[in-house]
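Q: pasted the sequence and its predicted model underneath.
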Amino acid sequence: MLCGLLWLAAWLAPWPVAAQALPAASVPVAPAAAGVAPIPVGAILARADEDQGLVDRARQLLAAPDPTPALARDLERIAAAVDGKQRAGGGVAMADLPVMRLESLGRHWRFDERRFDAWQARAQRSLAPYGEQLAQLAQRRMAWAATRAEGLLDNLPAVLAARVQGMLDAVDATEAALSTALDQQVALHQRASELKARIQAGSAATEAAIDEIDRRLLRRDVPPLWVQWPALGTPGQALDQAERSLGIETRFAEDYQADGSSNVQALRLLELLLLPLVLWLTWRSRPAARPGDQHVERALRRPFSTWLLLSMLAVLVLEPDAPLLVAEAALLIALVPVLRLLPSGVLQALGSWPYVAVGLYLADRVGGVLSASPGLYRLYLLALTLLALGLTWQMQRAIARMAAAPGAPNAPSARLRQAGHRAGWVVLVLLGVSAACNIGGNVTLAETLTSGVIDSGYFALMLYAAVAASLGLVQALLRQPEFARRRAVQQHAPQLLAACRRVLLLAAALGWLAYTMERLRVLRPAQQIGAAVLDVGVEVGEVSIHLGDVLVFALAVWLAWWAARGVRGLLREELHEHARLPRGVGNSIATLSYYGVLVLGFLVALSAAGFKVSQLTLVFGALGVGIGFGLQNVVNHFVSGLVLMFERPIQPGDIVDAAGISGSVREIGLRATTIRTFEGADVVMPNGLLLGGNLVNWTLFDRSRRIEVPVGVAYGADPAQVLALLVETARGTPGVASEPAPVAVMTGYGDSALNCSLRVWTRDVNDWVTVRSAVLVRVLAALEAAGVAIPFPQREVRLLGAAPAAADSVPGAAPGAGPA
């Protein structure tokens, strides 16, 4: 029983390490029993039945398969990996191990930590019911003990007393069985605590050794070559050590793949789907191949190389903590695909430099076998550095000769050649410093510079080839009929390709920068400095704001904004004039999706920045107060925007008259609608104002519009002839609709003319001004040809108080007109 209570106390608290195990004296058994109230007499029978059910559930738990043996086997597998790493050390100090071996060891310790954390979570889920059942039974037993101590069980009927006694015996037996099971679990817990302490110690020692190597980069490791020639040792020892390291890495890789993490599963799914996609694009694109598309041609002419290169790059991206053996194998497997998929412009601009970079990378990896023999590895590293220095110098001269040769190359090749030439000078400087450090005794810095330069050069080639292959696949995918028929692709294909190119180049540049910084041993210090800077912030009560949280929030909001714009644009293009959707539904879906993605992205940004629900409640409460006092109009505009989205009285492109503004609807938002007037001005009208008055939509159901042309003819003209002439003239005017047919009516008697009205319809409201002008011109010509006069207004002007002679001399005065 005591072991069971010890186990319960340990599992209810966070898992301690072995040095912090919970002592037996800390279990408060007696005080807990003293605080238990007795069971009332009237509730004894019900409590007995309830406790019997608890006993039955505990027996079912005991009858189920015991999870302890399976957990013990999994724990032993983790312990075997830990023991293997410690045995493989062979008494070698951490400071004497190569940095690549330490980095691999650090990955292995982190993998063991993740496995142990997963095992611990699984153990807690599997073993927690035992502790819970034991705690509940102990509480019930203490309640019955308190009831017996009060004498409430002494005068029970015989049947009820037997029922209670049988239940108590079952409780005691079940507690004993649970205690037996918990004894094994306590022992398992103790082994797990010891293993966790070993893993933490090994990881801390490895990290300390790596930090020490980083700190001594600028210090001398061994005597200079002119003082003491290094001891070469025997190649056999180096090979034996390399074989042991390879065995550890192989077991690490096997355990990593068998663990089946989410990243491993995602990588397998990507590799499984990528190959059929590449083969399908190759098969579909052969008949429609276009000359001049080098990216598409190379990516699809060598489909297996494309798949292999992208798959190996995915290994580095999706599995950053994979065994170093897996990462190195991925880089080596990609050697041939890189050379096969490099664009021809690269080879023309840089000559044989890509082949030299690949050869130096292979030579550097061969030298890793000799790292167990420091003296031999130092001389090999010096020879490799001098070889790389000489080859780089030759390549610089060759690139300079190609640049000066007649026949200027195209602009991309010239830019690439210029960039390669500038990078070559940086490489020469770094390799020269590496050779000097090796000779002077700083082998650590020499190894870092030489390997960093060679590895970063090869990785740059790999990324360049991967970007070219990816662009080729994207371009080939957009050419397929299933995508080429899409409105968005037809109108924005160049923009889509340009955006993909920018994203891929940015990702490649960031990836190359991170890889180069890691190989040059500056990534870890940069991460530590960056973490310290991002942790700067202020804390006020429960609210804490740090610089990192602000940057994460800004980045998340920016990504959400771009995602919302992309979703809105895609939906507008794809749902535009969709035959199965009612009028305006496509625009409403696109706009609501835009704001939905924005709101979702904003909430995700707040969560990523570390805001809690209680803090968000405070913000929303403040918004509610603001809305209640001064934001009624803003809320009114937003609600009106929702009405516009769901009722759809207008849509982009409609011709409307609202609030004294006439024009075409350009964009409908949740707060305001943009109307472009016929004069060319963009009017941003709040939605509340738009719906608050009369809204005239000339294109709600169709785009036709009636045009009315007033016509006045002189008295004496035949009205029937004039009306027939007007109708006939309108029918022959371009742009006038035949249905409804043109109509001419006489509207009244004017002061100097018979007033008529010609009413015609046009199919497109955008053309009504042009059609009206054409009708006016044709009506005037038709009336003149028919001899129908259009009278001019005549007015008499009388000058009061003027002499008759003066009045007669006034131009335009009626002859003989006198003063009134």
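A: Okay, I see it.

Q: show me where the stretch 551-700 of the chain has helices.
A: According to DSSP state H, counting those that start in this stretch, the stretch 551-700 of the chain carries its helices in the segments 585-608, 613-630, 632-647, 687-692.

Q: least confident of these, on average?
A: Mean pLDDT is lowest for helix 613-630 among these, at a mean of 64.

Q: among the helices of the stretch 551-700 of the chain, which is the most enclosed?
A: helix 687-692 (a mean of 20; mean count of other C-beta atoms under 10 Å). For glycine as for every other residue, the C-beta is placed from the backbone atoms N, C-alpha and C.

Q: that older thread, in TSV, list the helices of the stretch 551-700 of the chain along with distance to S470.
A: Converted to TSV, the helices of the stretch 551-700 of the chain look like this (distance: least, C-beta to C-beta, whole Å):
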stretch	distance to S470
helix 585-608	26
helix 613-630	39
helix 632-647	38
helix 687-692	43
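
Q: ok, which of those comes nearest P303?
A: Closest to P303 of the helices of the stretch 551-700 of the chain is helix 585-608 (C-beta to C-beta; 35.5 Å).

Q: circling back: of the helices of the stretch 551-700 of the chain, which is nearest A556?
A: Judging these by C-beta to C-beta, what sits closest to A556 is helix 585-608, at 3.4 Å.

Q: tilt between that closest one and helix 632-647?
A: 130 degrees (axes from the mean of the first three to the mean of the last three C-alpha atoms, to 10 degrees).

Q: list of residues touching helix 585-608?
A: By C-beta atoms under 8 Å, 6 or more residues apart in numbering, the surrounding residues in contact with helix 585-608 are 552-553, 556-557, 559-561, 563-565, 567-569, 571-572, 575-578, 616, 645-646, 648, 651-652, 668-670.

Q: so, low pLDDT: which residues of the stretch 1-150 of the chain?
A: For the stretch 1-150 of the chain, the stretches with pLDDT under 70 are 1-35, 88-96.

Q: tell me the helices in it, going along the chain?
A: 2-12, 29-34, 44-63, 68-88, 99-149.

Q: only the buried subset of the contacts of helix 585-608, as a PyMOL command please.
A: Of the contacts of helix 585-608, the buried ones go into a single PyMOL selection, burial set by 16 or more other C-beta atoms under 10 Å:
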select buried, resi 552+553+556+557+560+564+567+568+571+572+575+645+648+651+652+668+669+670
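
Q: contacting residues for the most centrally placed residue in the chain?
A: Central residue of the chain (C-alpha atoms, centre = their mean): L559, 7.3 Å from the mean position. By C-beta under 8 Å, 6+ apart, L559 lies in contact with G601.

Q: before we move on, what about L325?
A: Contacts of L325 (C-beta under 8 Å, 6+ apart): 104, 246, 249-250, 252-253.

Q: and for P67?
A: By C-beta under 8 Å, 6+ apart, the contact set of P67 is 123, 126-127.

Q: dump those to JSON lines, plus neighbour count and distance to A158.
A: Below are those laid out as JSON lines (neighbours: other C-beta atoms under 10 Å; distance: C-beta to C-beta, whole Å):
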{"residue": "A123", "neighbour count": "23", "distance to A158": "46"}
{"residue": "S126", "neighbour count": "15", "distance to A158": "43"}
{"residue": "L127", "neighbour count": "22", "distance to A158": "41"}
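
Q: now distance to T699 too, for the residues you listed, in TSV please.
A: Formatted as TSV, the contacts of P67 follow (distance: C-beta to C-beta, whole Å):
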residue	distance to T699
A123	69
S126	67
L127	71
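
Q: closest one to L347 out of those, please.
A: L347 lies nearest to A123 out of the contacts of P67, by C-beta to C-beta, at 57.2 Å.

Q: dump the residue contacts of the closest one.
A: Neighbouring residues of A123 by C-beta under 8 Å, 6+ apart: 67, 71, 188, 192.

Q: what's the neighbour count on L513?
A: 12 (other C-beta atoms under 10 Å).

Q: and it, what element?
A: Applying DSSP states H and E as the criterion places L513 in helix 487-519.

Q: other SSEs contacting that helix?
A: helix 443-479, helix 523-534, helix 547-575 (3 or more C-beta pairs under 8 Å, 6 or more residues apart in numbering; DSSP states H and E).

Q: what's the angle between it and helix 99-149?
A: Computed by the same axes, to 10 degrees, the angle separating helix 487-519 from helix 99-149 equals 100 degrees.

Q: buried sites along helix 487-519?
A: When burial is assessed from 16+ other C-beta under 10 Å, helix 487-519 yields the following buried residues: 488-489, 492-493, 496, 500-501, 504, 508, 511-512, 515-519.

Q: thinking again about what came up before, select from the contacts of L325 the one having the most neighbours.
A: F252 (24 neighbours).

Q: I'd say that residue and R110 touch.
A: No - assessed by C-beta atoms under 8 Å, F252 is found out of contact with R110, at 11.1 Å.

Q: follow-up on the earlier one: including distance to L275, could the helices of the stretch 1-150 of the chain go into TSV?
A: Shown next, in TSV, are these (distance: least, C-beta to C-beta, whole Å):
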stretch	distance to L275
helix 2-12	47
helix 29-34	63
helix 44-63	48
helix 68-88	33
helix 99-149	28
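
Q: among those, which comes closest to P337?
A: Evaluated with C-beta to C-beta, the helices of the stretch 1-150 of the chain place helix 99-149 nearest to P337, the distance being 24.0 Å.

Q: could you give me the average pLDDT of the helix or strand following that closest one?
A: Remark: after helix 99-149, the chain's next helix or strand is helix 158-215, criterion DSSP H and E. Here helix 158-215 scores 86 as its mean pLDDT.

Q: what packs against helix 158-215?
A: Right, helix 158-215 is packed against helix 2-12, helix 44-63, helix 68-88, helix 99-149, helix 523-534 by 3+ C-beta pairs under 8 Å, 6+ apart.

Q: what residues does the second one touch?
A: For helix 44-63, the surrounding residues in contact (C-beta under 8 Å, 6+ apart) are 39, 129-130, 133, 136-137, 140, 143-144, 147, 152-153, 156, 160, 163-164, 167, 170-171, 174, 177-178, 181.

Q: cool, and stretch 382-398?
A: So stretch 382-398 is in contact with 350-353, 356, 360, 363-364, 367, 421, 424-425, 427-428, 431-432, 434-435, 438-439, 446, 450, 453-454, going by C-beta under 8 Å, 6+ apart.

Q: restrict those to the buried ones and give me that as a PyMOL selection.
A: Buried members of the contacts of stretch 382-398, defined by 16+ other C-beta under 10 Å, are picked up in PyMOL with:
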select buried, resi 350+351+353+356+360+364+367+421+424+427+428+431+434+435+438+439+446+450+453+454
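
Q: give me the phi and psi angles of M746.
A: Dihedral angles of M746 (phi, psi; degrees, to the nearest 10) stand at phi -100, psi 130.

Q: so where is the stretch 451-600 of the chain shaky, pLDDT-wise?
A: Low-confidence segments of the stretch 451-600 of the chain (pLDDT under 70): 540-543, 576-584.

Q: ok, now how distant is P67 from P129?
A: Distance from P67 to P129, counting by C-beta to C-beta, to the nearest Å: 10 Å.

Q: ok, now which ones touch R501?
A: Contacts for R501 (C-beta under 8 Å, 6+ apart) come out as 467, 471.

Q: distance check, it against L471.
A: Applying C-beta to C-beta to R501 and L471 gives a distance of 6 Å.

Q: same check, this time on R302
A: 15 Å.

Q: cool, and L571?
A: 26 Å.

Q: just L505 next, same as before
A: 10 Å.

Q: and if you look at A192?
A: Taken as C-beta to C-beta, the span from A192 to L471 is 50 Å.

Q: residue contacts, the closest residue to W109 other than its chain neighbours?
A: Of all residues not flanking W109 in the chain, S203 sits nearest, at 3.8 Å (C-beta to C-beta, 6 or more residues apart in numbering). By C-beta under 8 Å, 6+ apart, the contact set of S203 is 106, 109-110, 112-113.
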